[in-house]
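Engineer: give me a model of this one.
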Amino acid sequence: MTEYGSSLLSAMSWFIQLAFAFVGFAAVLKLGFVRRYRWQVSLKSWKKGGAPPWFLKLWRTDRDSPALRERQLLFARCGIRLSPAAYLATQRMAITLLPAAGLSVYSLGRIGWITPLASWNMMIGCSLLIAAAAFDRTALNGFQRYRTDRIRRELVIVGSQLLYYTGSRLHLHGKLMRCLPLTRTIRGETGLLLNEWYYDADAALRRFKDRLGTEEAYAFSECLRTLKTHESEEVYGLLRDIVKDYKAKIEMAKASRKETSSYLLFVLAGIPILYTFQLFLFPWVQEAAKLFDSLNP
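Structural biologist: Predicted structure coming up:
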């Protein structure tokens, strides 16, 4: 048991070291790729620093492709402001180089330069990083569903509050300002919308729906655009229908999560049964097999 505890502690320490190494490597890449300006002033002609063209060309992410379009769509729906091309290039680099790093560590362990325990821990860390890089779409899709559900819930709250102000003489900007404390997930995007409202309301609404990146945000933004142009009972009726539709989608998502949880609980309930068979029934089966072997030499 002591050996197992020490092995687990060593594995955790190696995992923490790999995490710090990954963060350090990302920081080095950022320092190498992002050019720091000498004078910190705001000029419209300057562009944000990104990955160099040779890095994107090396991993074939400098041109349009289905994988790049898929990452762009996922990043937009997840609210991630990273460059999809740089992310895809880094992912391909990790999937290519990490197996070679794992084989190098295994070779070093075979020739005795590092201890076998350390080599196995490092190989497990490389395997986990490879799995994370290979199945990133699953994680992004899961986060997208979670974020979409949270945005949908808060749009229902904001829409219900706007319906409460039906017939009020308050300007739409003032109504949205009073809805701001009710938001949490979309508070930053809503704050930017309110700050940009009087400069160009249409452009602010367009940027608002682009920042959220969900279908619900697109429909809600178009409804706000119509409310800005002309407030009437028909428009508020459209907003009421949108809120009802979002509430129905929330209930459907909740039922789907309950069904998935029930399947997961059913699988988890079978684990004690397997342990019961292994601890109590399997020894009896082994003894019965030995008895039959002794009876039939």
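Engineer: now do the longest helix along the chain: which elements does it pack against?
Structural biologist: Ranked by residue count and defined by DSSP state H, the top helix of the chain is helix 233-276. Applying 3 or more Cβ pairs under 8 Å, 6 or more residues apart in numbering; DSSP states H and E, one finds that helix 233-276 contacts helix 136-164, helix 215-229. All C-beta atoms are positioned from the backbone trio N, CA, C, and that covers glycine.
Engineer: so Gly213 makes contact with Gln72?
Structural biologist: No - look at Gly213 against Gln72 with Cβ atoms under 8 Å: they stay out of range, at 10.1 Å.
Engineer: got the angle for the helix or strand containing Ala94 vs helix 136-164?
Structural biologist: If you go by DSSP states H and E, Ala94 is part of helix 84-111. Using axes from the mean of the first three to the mean of the last three Cα atoms, to 10 degrees, the inter-axis angle of helix 84-111 relative to helix 136-164 is 140 degrees.
Engineer: what mean pLDDT does helix 84-111 have?
Structural biologist: Averaging pLDDT along helix 84-111 yields 82.
Engineer: please shift the residue numbers so they start at 115 in all later answers.
Structural biologist: Happy to do that; since the first residue is 115 now, the last one works out to helix 198-225.
Engineer: rebuild the helices and strands packed on helix 347-390 as a markdown table, extending it with mean neighbour count.
Structural biologist: Rendered in a markdown table, the data for those read as follows (neighbours: other Cβ atoms under 10 Å):
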| stretch | mean neighbour count |
| --- | --- |
| helix 250-278 | 17 |
| helix 329-343 | 18 |
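Engineer: mean pLDDT and distance to Ala199 for these - can I get that in JSON lines?
Structural biologist: Below are the helices and strands packed on helix 347-390 laid out as JSON lines (pLDDT from 0 to 100; distance: least, Cβ to Cβ, whole Å):
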{"stretch": "helix 250-278", "mean pLDDT": "88", "distance to Ala199": "15"}
{"stretch": "helix 329-343", "mean pLDDT": "87", "distance to Ala199": "24"}
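Engineer: look at Leu123 and report its pLDDT.
Structural biologist: Predicted confidence (pLDDT) for Leu123: 59.
Engineer: quick one: which helix or strand includes Phe169?
Structural biologist: helix 167-172.
Engineer: from the contact counts, what lies against that helix?
Structural biologist: Against helix 167-172 (3+ Cβ pairs under 8 Å, 6+ apart) you get helix 198-225.
Engineer: tell me the first helix or strand C-terminal of the helix it packs on.
Structural biologist: helix 230-248.
Engineer: tell me the mean pLDDT for the longest helix of the chain?
Structural biologist: pLDDT averaged over helix 347-390 gives 79.
Engineer: can you pull the buried residues of the following helix or strand past it?
Structural biologist: Later in the chain than helix 347-390, the nearest helix or strand by DSSP H and E is helix 396-409. Buried residues in helix 396-409, counted by 16 or more other Cβ atoms under 10 Å: none are found.
Engineer: please compute how far helix 396-409 lies from its chain's middle.
Structural biologist: The chain centroid and the centroid of helix 396-409 are separated by 52 Å under Cα atoms, centre = their mean, to the nearest Å.
Engineer: so which of the helices and strands packed on helix 347-390 gets nearest Arg321?
Structural biologist: helix 329-343 (9.6 Å; Cβ to Cβ).
Engineer: same for that closest one, what does it pack against?
Structural biologist: Helix 329-343 packs on helix 250-278, helix 286-293, helix 315-326, helix 347-390, going by 3+ Cβ pairs under 8 Å, 6+ apart.
Engineer: just the terminal-to-terminal distance for stretch 171-182.
Structural biologist: Start-to-end span of stretch 171-182 (Cα to Cα, to the nearest Å) is 13 Å.
Engineer: thinking again about what came up before, what angle sits between the longest helix of the chain and helix 329-343?
Structural biologist: Going by the same axes, to 10 degrees, helix 347-390 makes 160 degrees with helix 329-343.
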